[in-house]
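In: Below is the sequence, then the predicted model.
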Amino acid sequence: MADLLSEPGAEVLDLGCGAGHFWEYLQDTGRTDLRYRGIDLSDTMVRHCRAKFPGIPFERADVLSDPSRLGKVDYAVLNGVLTEKLTADHDAMFGAARQLLSTVFGAVRRGMAFNVMSKHVDWERDDLFHLPYDDMARFVVRDLSRRHVIRADYGLYEYTVYVFK
């Protein structure tokens with residue numbers, strides 16, 4: 001997902017930052033030119049990130065309850081946020097995903113990237129959110145932007161969607 005961040009100095013929001021692995025990846029690959037901020041629902045994850053990466057802004061927020069917590073950013077990355085549905089049924093998960101993605105896309109100036117599990121696999125798990133490309137593309141074009149890319153060329157059982165303003 002880091003290839004979304006092509007311009008030096010871009011502000012990136014890592015929504016669902018978890019243990020801060022995306023920040024760590026950016027540092028390991030020399031992307032020190034970015035202005036990074038991480039948000040997660042979990043107090044535990046935010047505390048972990050603050051302890052591991054002092055001085056880097058990590059915050060706990062529920063952006064669906066309070067979208068103002070997103071602020072305005074150049075790019076948003078949601079890695080793994082939409083891959084698990086746990087006990088939610090498919091339609092409820094897709095509804096929640098559409099709401100979240102629409103909210104986040106309203107906060108970005110340039111674009112966002114997110115991933116979901118592919119339907120084009122030789123196995124599926126009931127707790128994962130497997131979504132056909134066509135359903136995702138229809139939503140993205142209708143509700144977000146015609147400027148998008150769907151990538152499934154990196155060997156995992158998921159695909160990443162890049163949506164641009």
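Out: Done, it's in. Numbering: from 1, shown residues only.
In: Helices along this protein, start to end?
Out: 21-28, 43-52, 90-105, 133-139 (DSSP state H).
In: Remind me what the first one packs against, helices and strands.
Out: Secondary structure elements in contact with helix 21-28, counted by 3 or more Cβ pairs under 8 Å, 6 or more residues apart in numbering; DSSP states H and E, are strand 35-40. (C-beta placed from N, C-alpha, C; glycine too.)
In: tilt between the strand it packs on and helix 21-28?
Out: Relative orientation of strand 35-40 versus helix 21-28 (axes from the mean of the first three to the mean of the last three Cα atoms, to 10 degrees): 160 degrees.
In: Just the buried positions in strand 35-40, please.
Out: 36, 37, 38, 39, 40 (16 or more other Cβ atoms under 10 Å).
In: And the pLDDT for the fourth one?
Out: This points to residue 39. Note on residue 39: pLDDT of 99.
In: any idea how far it is from residue 116?
Out: From residue 39 over to residue 116 the distance is 19 Å, taken as Cβ to Cβ, to the nearest Å.
In: and residue 39, what is it in contact with?
Out: Applying Cβ atoms under 8 Å, 6 or more residues apart in numbering, we find residue 39 in contact with 13, 14, 15, 16, 17, 58, 59, 60, 61, 63, 69, 70.
In: and the one residue sitting closest to the centre of the chain, what pLDDT?
Out: Centroid-nearest residue in the chain, with Cα atoms, centre = their mean: residue 78, separated by 0.9 Å. Note on residue 78: pLDDT of 98.
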